[in-house]
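Q: Below is the sequence, then the predicted model.
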2 protein chains.
Amino acid sequence: MATIAREAGVNPGSLYHFFESKDHLLLGVLEFGLGYLGPAVMEPAEARAADPVDRVFALLQGYRDHMEREHCCMGCPIGNLALEISDHNAKARALVHENFENWVARVASWLEPDTRMPTTVDRRRLARFVLTVMEGGLMQARAAGHLGPFDEAVDVLRDYFMRLGTPANAKTHRHTSPRAKRRRR
Amino acid sequence: MATIAREAGVNPGSLYHFFESKDHLLLGVLEFGLGYLGPAVMEPAEARAADPVDRVFALLQGYRDHMEREHCCMGCPIGNLALEISDHNAKARALVHENFENWVARVASWLEPDTRMPTTVDRRRLARFVLTVMEGGLMQARAAGHLGPFDEAVDVLRDYFMRLGTPANAKTHRHTSPRAKRRRR
DNA sequence: GTCTATATATTGATAGAC
DNA sequence: GTCTATCAATATATAGAC
């Protein structure tokens, strides 16, 4: 609470005017996330690519850029909370879940109209898989202190999409570009 | 510290005879993990399946069983610490990374001799991808409160292995068995 | 090495003036 | 609504007897 107050430039006691407790503030953060996702995370990816699969990799690139700006700290705030929140905090847990479902639904809506993938491919399941790979990749990148593990995971995911019949646009192949040679590991 | 002492059945002060501080105890936990992984996690999977790919899914099944026993709480202790530990705690972070590398190296050693996958498939990268999917899947399962998201992620991963030319043994297809019908979602 | 007791620091929350 | 001051609770760590 003290850190939040300091970062916000307010006095410690003032937070309690808006949130009746530490727990309520956490719920406020998670509710904020629900509205933040669209404008701050999904819309930029939608603006950068129209193709369904390119959009997915533009989204992942957005997380990568953020992680790089933070020097491999932080990662995904919702993912961090997912593993930090006690299993007994039902309300917070439900909101983390809702944030994930929100993410999955948006990405699934991109993949649904794709005509290259067989119709037997469950778009929602595939969208969830993208989230799975993103969160697992960021976790390892944070532990490693560099983006190598995240890039590797995205590479394999791209290979999978290719095998589903939907090669991603070459522009999203950042890891195979000359610049990538400078990467650690 | 109080919780650990209580669970261990010792008095709060006694912990400080073995660990000079809270931080040192955390390092001790992570060092313990390095030796715990083989006997407690990898060897059971190795005993259950000889085939490289079946072993991978036996390993994932082991995490699933553990998660189910805990009623979808806890998940992977190393993964939890990976996102909970401060980015400034360099020693702890390095040990989390070492735990992950340990995991990846062991799984890669299973995949290396596989003759069905093209030799162009980077075994170590694939092993890391398995860890990525496992951690991302457990994270979402913990948030959801049920194993649905984990099972979905494993399903997609199995599909990927199949497309690489290495279908997993039917016995590991727990999600498509009649029992799976009882699953939520 | 373990116990009881306690010191010290940090954190969560409140009170009341402005 | 914000500020200063401060309370109460919790958590980390230490001391000294046994």
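A: Yep, it's here.
Q: List the contacts of the residue of chain A found nearest DNA strand C.
A: Residue of chain A nearest DNA strand C, by C-beta to the nearest atom of the strand: A:G13 (2.8 Å). Bear in mind the C-beta positions are built from the backbone N, C-alpha and C, glycine included. Going by C-beta atoms under 8 Å, 6 or more residues apart in numbering or on different chains, A:G13 touches no other residue.
Q: and what of A:E98?
A: Residues in contact with A:E98, defined by C-beta under 8 Å, 6+ apart, are A:L30, A:L34.
Q: of all the residues in chain A, which ones are close to DNA strand D?
A: By C-beta under 7 Å from any atom of the strand, the part of chain A that sits against DNA strand D consists of A:V10, A:N11, A:P12, A:G13, A:S14, A:H17, A:F18.
Q: how about 10 Å then?
A: Counting by C-beta under 10 Å from any atom of the strand, chain A comes close to DNA strand D at A:2, A:5, A:8-18.
Q: Can you turn the buried part of those residues into a PyMOL selection?
A: In PyMOL, a selection of the buried entries from the residues of chain A next to DNA strand D looks like this (16 or more other C-beta atoms under 10 Å in any protein chain shown):
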select buried, chain A and resi 15
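Q: which one of the residues of chain A next to DNA strand D is nearest B:H97?
A: Using C-beta to C-beta, A:A2 comes nearest to B:H97 of the residues of chain A next to DNA strand D, at 29.8 Å.
Q: my read: that closest one touches A:S14, true?
A: No - applying C-beta atoms under 8 Å, one finds A:A2 not in contact with A:S14, separated by 11.9 Å.
Q: that older thread, distance to A:H66 added to the residues of chain A next to DNA strand D, as a markdown table?
A: Output for the residues of chain A next to DNA strand D, formatted as a markdown table (distance: C-beta to C-beta, whole Å):
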| residue | distance to A:H66 |
| --- | --- |
| A:A2 | 26 |
| A:A5 | 25 |
| A:A8 | 21 |
| A:G9 | 23 |
| A:V10 | 26 |
| A:N11 | 30 |
| A:P12 | 29 |
| A:G13 | 32 |
| A:S14 | 29 |
| A:L15 | 26 |
| A:Y16 | 31 |
| A:H17 | 31 |
| A:F18 | 27 |
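Q: least trustworthy position among the residues of chain A next to DNA strand D, going by pLDDT?
A: Of all these, A:P12 carries the smallest pLDDT score, 87.
Q: Now that one: closest residue in space, sequence neighbours ignored.
A: A:A5 (4.6 Å; C-beta to C-beta, 6 or more residues apart in numbering or on different chains).
Q: Check which helix or strand that neighbour maps to.
A: Per DSSP states H and E: A:A5 is located in helix A:2-8.
Q: so who does A:R128 touch?
A: Contacts for A:R128 were tallied using C-beta under 8 Å, 6+ apart; they are A:V104, B:Q140, B:P149, B:E152, B:A153.
Q: Report how many residues lie close to A:V121.
A: Look at A:V121: counted by other C-beta atoms under 10 Å in any protein chain shown, it has 16 neighbours.
Q: need the contacts of A:R128 in a markdown table with pLDDT, distance to A:V121 and secondary structure, can you?
A: Converted to a markdown table, the contacts of A:R128 look like this (pLDDT from 0 to 100; distance: C-beta to C-beta, whole Å; DSSP: H, G, I helix; E, B strand; the rest coil):
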| residue | pLDDT | distance to A:V121 | secondary structure |
| --- | --- | --- | --- |
| A:V104 | 98 | 15 | helix |
| B:Q140 | 98 | 19 | helix |
| B:P149 | 98 | 18 | helix |
| B:E152 | 98 | 13 | helix |
| B:A153 | 98 | 15 | helix |
